[in-house]
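S.K.: Give me the fold of what follows.
(chains A, B, C, D and E)
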Amino acid sequence: MLTSILLSAGLALMGAGIGAGIVAIGAGLGIGRIGGQAMESIARQPEAAGKVQTAMLIIAALIEVVSLFAVVVCLLIALNAGGLTF
Amino acid sequence: MLTSILLSAGLALMGAGIGAGIVAIGAGLGIGRIGGQAMESIARQPEAAGKVQTAMLIIAALIEVVSLFAVVVCLLIALNAGGLTF
Amino acid sequence: MLTSILLSAGLALMGAGIGAGIVAIGAGLGIGRIGGQAMESIARQPEAAGKVQTAMLIIAALIEVVSLFAVVVCLLIALNAGGLTF
Amino acid sequence: MLTSILLSAGLALMGAGIGAGIVAIGAGLGIGRIGGQAMESIARQPEAAGKVQTAMLIIAALIEVVSLFAVVVCLLIALNAGGLTF
Amino acid sequence: MLTSILLSAGLALMGAGIGAGIVAIGAGLGIGRIGGQAMESIARQPEAAGKVQTAMLIIAALIEVVSLFAVVVCLLIALNAGGLTF
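M.R.: The predicted structure follows:
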């Protein structure tokens, strides 16, 4: 019986870990694309650097919100699953 | 008996964690593409920065709604599955 | 007996979580592509920004409908599976 | 016996959730591509915006029909499998 | 014996749900590509919009038929497997 208590905690922790990793892929793909093309844009029109930087931060913040929310879900799972083992 | 109560909680938590991670990939791909091409557009037509920024936020908000909804589903699963263990 | 009642709830919750995540990939791919190319279009023809924005919202709404419908299916599964445990 | 009634319900609900997610990928890929290139087309020929928008909606409706049909299949599975437990 | 009847129903429903989702990917890829390039064609030759739209619908109908047929197969599986449990 104690066996599968720990088995389930293991499954949950595995999911939380893999999930947290996948979140980083998502944030990296999204913010990376925004940032990379912002660099090119500032180089093409240096006098528009202010406008590009403002828009860059606004749109990247949207990805940041979703990603942090998802990491918090994974953190909650990790803490709860850690509590399953007692 | 208590065995698989906890095994099921583990499976559910694993799914919630991986699901939350996949949500971030979706938001990253979508908002990243929008944001990246908005950067290039502002650089190409700096005087159209206002119009681009307005349209950028409207369309990104659609992805944000679906993504936050999906993260909330994962959060509900994580909290319910945490409650399964009692 | 009570055993697999809860095992099935775990499987269902795992599917709901992963499914909700995959929905976000779909919405991100679709709305992101629409939005990204709308940005470029506004930059190429700033005077056509109104027409582009109208068409952008009409076509993005189609993806939004399917995605929200699919997230609601996942939410139903999550709530029903949570109810399986009683 | 009651055991696997519920195990099967879990498997079915897992399939319904993941299936609903995959449907959204399909709709996103298809309608996103149509919409993205419609944006570019309106920018290239703003006076043809009406024709492009008409054709865009006709062809996107075909994907919408298949996607909504498939989501309804997943919804039916979810409701039937929820009914399996009684 | 009754056990695995019901287990098999679960597996069948899982397959039907995931299958319906994959159908939508196929329809999205195919009709999306046709529609996307039809948009560009109308923009390049707006006076040929009628001819492009006719050909677009003929070829997209071929994908539509196969996709709806495949969704109906998934629907039949879902209904039959639901009937297995009685």
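S.K.: Model confidence for A:Glu47, exactly?
M.R.: The model reports A:Glu47 with a pLDDT of 89.
S.K.: show me what contacts A:Ala12?
M.R.: By CB atoms under 8 Å, 6 or more residues apart in numbering or on different chains, the contact set of A:Ala12 is A:77-78, A:80-81, A:84, B:9-10, B:13-14, B:17, B:81. From N, CA and C alone the C-beta is placed, and that goes for glycine too.
S.K.: How about the contacts made by the spatially closest residue to A:Gln45 that is not a sequence neighbour?
M.R.: Nearest residue to A:Gln45, sequence neighbours excluded (CB to CB, 6 or more residues apart in numbering or on different chains): B:Ala43, at 4.4 Å. Each residue near B:Ala43 by CB under 8 Å, 6+ apart is listed here: A:40-42, A:44-45, A:48, A:52.
S.K.: want to try JSON lines for these, with neighbour count and secondary structure as columns?
M.R.: Below are the contacts of B:Ala43 laid out as JSON lines (neighbours: other CB atoms under 10 Å in any protein chain shown; DSSP: H, G, I helix; E, B strand; the rest coil):
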{"residue": "A:Glu40", "neighbour count": "14", "secondary structure": "helix"}
{"residue": "A:Ser41", "neighbour count": "27", "secondary structure": "helix"}
{"residue": "A:Ile42", "neighbour count": "20", "secondary structure": "helix"}
{"residue": "A:Arg44", "neighbour count": "13", "secondary structure": "helix"}
{"residue": "A:Gln45", "neighbour count": "17", "secondary structure": "coil"}
{"residue": "A:Ala48", "neighbour count": "20", "secondary structure": "helix"}
{"residue": "A:Val52", "neighbour count": "26", "secondary structure": "helix"}
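S.K.: farthest-separated two in those residues?
M.R.: The largest separation in these, counting by CB to CB, is between A:Glu40 and A:Ala48 at 12.0 Å.
S.K.: how big is the angle separating the strand or helix carrying A:Met14 from helix B:2-44?
M.R.: Element membership for A:Met14 (DSSP states H and E) is helix A:2-44. When axes from the mean of the first three to the mean of the last three CA atoms, to 10 degrees is applied, the directions of helix A:2-44 and helix B:2-44 differ by 0 degrees.
S.K.: tell me, how many neighbours does A:Leu57 end up with?
M.R.: Neighbour count for A:Leu57, taken as other CB atoms under 10 Å in any protein chain shown: 12.
S.K.: near chain B at all, whichever strand or helix holds it?
M.R.: Applying DSSP H and E as the criterion places A:Leu57 in helix A:49-84. Yes. Helix A:49-84 is in contact with chain B by CB under 8 Å from any CB of the partner chain, via A:51-52, A:54-56, A:58-60, A:62-63, A:65-67, A:69-71, A:73-74, A:76-77, A:80-81, A:84.
S.K.: Can you give me the buried ones in that helix?
M.R.: A:51-52, A:55-56, A:59-60, A:62-64, A:66-67, A:69-71, A:73-74, A:76-78, A:80-81, A:84 (16 or more other CB atoms under 10 Å in any protein chain shown).
S.K.: before we move on, what about stretch A:11-22?
M.R.: Neighbour counts over stretch A:11-22 (16+ other CB under 10 Å) mark A:11-17, A:19-20, A:22 as buried.
S.K.: dump the residue contacts of A:Leu11.
M.R.: B:7, B:10-11, B:13-14 are the contacts of A:Leu11 under CB under 8 Å, 6+ apart.
S.K.: Repeat the analysis, applying 10 Å as the threshold.
M.R.: By CB atoms under 10 Å, 6 or more residues apart in numbering or on different chains, the contact list for A:Leu11 reads A:4, A:81, B:6-15, B:17, C:10, C:14.
S.K.: any idea what sits nearest it, other than its immediate chain neighbours?
M.R.: Among residues not flanking A:Leu11 along the chain, B:Gly10 sits closest, at 3.4 Å (CB to CB, 6+ apart).
S.K.: follow-up on the earlier one: filtering the buried residues of helix A:49-84 by proximity to chain D, which remain?
M.R.: For chain D, no contacts are drawn from those by CB under 10 Å from any CB of the partner chain.
S.K.: can you list the weak-confidence ranges in chain A?
M.R.: Residue ranges of chain A with pLDDT under 70: A:1-6, A:82-86.
S.K.: Swap in 90 and give it another go.
M.R.: A:1-17, A:40, A:45-51, A:76-86 (pLDDT under 90).
S.K.: distance of A:Ala9 from A:Leu79?
M.R.: 12 Å (CB to CB, to the nearest Å).
S.K.: List, one by one, the residues from chain A near chain C.
M.R.: A:4, A:8, A:11, A:15, A:19, A:22, A:26, A:29-30, A:33, A:37, A:55, A:66, A:70, A:73.
S.K.: Farthest pair within these?
M.R.: A:Ser4 and A:Ala55 (51.5 Å).
S.K.: A:Ala24: neighbour count?
M.R.: Neighbour count of A:Ala24, defined by other CB under 10 Å: 16.
S.K.: mind listing what it touches?
M.R.: Counting by CB under 10 Å, 6+ apart, A:Ala24 has contacts A:67, A:70-71, B:21, B:24-25, B:28.
S.K.: Out of these, which is nearest to chain D?
M.R.: B:Ile25 (11.2 Å; CB to the nearest CB).
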